[in-house]
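In: Coordinates for the following, if possible.
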Amino acid sequence: MSELLPSPKHRTTGPEARERLLEAVTQLASTVPFPEITARRIAREVGMDSNVIFRNFETLENLYLAALRRIEVRAIEYLESNPPIGFMPIGDMFLWMRFAAWLTLSGTDPLRISSDAKFLERFRTASLDTLSLSDRSSERGKSAVLVIALAYIQAQALLTPTQPDIFTEQAMEDSLTLLATLVEGLDGLSAKLGWD
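Out: The predicted structure follows:
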């Protein structure tokens with residue numbers, strides 16, 4: 001009597017495994033606290049052994065950084081492909097902020113977290129277009145508005161959930177109104193400050 005041999009397991013190829021791992025990390029980052037995004041948890045999500053992470057990315061940190069780059073790409077593609085949306089929240093920007101903050105606090109070298117110059121210029125251009133700033137606005141004024149807008153997004157992504165007594169819904173709405181007013185009056189303020 002011949003014994004039935006178990007059928008061989010499907011071996012996930014490198015590109016397929018990488019894609020599934022990146023998707024799992026991105027999905028987990030949207031749904032669970034970051035400290036719970038462990039190698040075991042990721043492997044369980046994709047139905048693979050956790051060693052597949054290390055075969056494809058060498059370290060868990062490399063996987064996290066690759067996921068961060070993926071989130072950046074999605075955010076910039078959204079910004080570039082949609083009409084100006086003003087200060088409307090973008091989910092991937094929130095996720096990017098939270099993920100970058102977590103990696104920073106976890107001890108990842110800030111140089112590894114930072115985006116490349118080409119991406120940052122695309123992000124700056126798309127963000128300023130989204131804010132509908134006047135073409136006449138000074139570059140210095142545009143840069144200042146962008147920093148303030150990013151600080152607002154960071155407050156929404158990181159501080160509002162943890163400090164609801166300070167970052168109340170009313171305070172966030174008021175700060176958004178103030179930011180919109182700043183954008184509308186940027187040309188005059190830039191001239192007054194000598195930023196022409």
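
In: So which elements touch whichever strand or helix holds Thr125?
Out: Assigned by DSSP states H and E, Thr125 belongs to helix 117-130. Identification of packing neighbours for helix 117-130 by 3 or more CB pairs under 8 Å, 6 or more residues apart in numbering; DSSP states H and E yields helix 60-81, helix 139-154. For every residue, glycine as well, the C-beta is placed using N, CA and C.

In: what's the closest of those to Arg112?
Out: Closest approach to Arg112 among these (CB to CB): helix 60-81, 5.9 Å.

In: State the mean pLDDT of the closest one.
Out: When pLDDT is averaged along helix 60-81, the result is 92.

In: Restricting to C-alpha, output that helix in CSV.
Out: The C-alpha trace of helix 60-81 is given here as CSV (Å, rounded to 0.1, in the frame of the first residue of the first chain):
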residue,chain,number,x,y,z
LEU,A,60,12.0,44.5,10.6
GLU,A,61,13.0,48.1,10.5
ASN,A,62,13.7,47.8,6.7
LEU,A,63,10.2,46.5,6.2
TYR,A,64,8.8,49.4,8.2
LEU,A,65,10.8,51.9,6.2
ALA,A,66,9.6,50.3,2.9
ALA,A,67,6.0,50.5,4.1
LEU,A,68,6.6,54.2,5.0
ARG,A,69,7.9,54.9,1.5
ARG,A,70,4.8,53.1,0.1
ILE,A,71,2.5,55.4,2.2
GLU,A,72,4.4,58.5,0.9
VAL,A,73,3.9,57.4,-2.7
ARG,A,74,0.2,56.9,-2.1
ALA,A,75,-0.1,60.3,-0.4
ILE,A,76,1.7,62.2,-3.2
GLU,A,77,-0.2,60.4,-5.9
TYR,A,78,-3.5,61.4,-4.2
LEU,A,79,-2.3,65.0,-3.9
GLU,A,80,-1.2,65.2,-7.5
SER,A,81,-4.2,63.5,-9.0
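
In: That helix - contacts with which helices or strands?
Out: helix 14-31, helix 51-57, helix 91-105, helix 110-113, helix 117-130.

In: Next, the buried residues of it.
Out: 60, 63-68, 70-72, 74-76, 78-79 (16 or more other CB atoms under 10 Å).

In: which one of these sits closest to Phe99?
Out: For these, with Phe99 as the reference and CB to CB as the criterion, the closest is Leu68, at 5.3 Å.

In: any idea how far Phe119 is from that closest one?
Out: For Leu68, the distance to Phe119 (CB to CB, to the nearest Å) stands at 11 Å.

In: for Ala17, same thing?
Out: Taking CB to CB, one finds Ala17 at 25 Å from Phe119.

In: go on, Leu128?
Out: With the distance defined as CB to CB, Leu128 ends up 15 Å from Phe119.

In: These two: who's more crowded?
Out: Neighbours per residue (other CB atoms under 10 Å) separate Leu128 from Phe119, with Leu128 holding more: 20 against 14.
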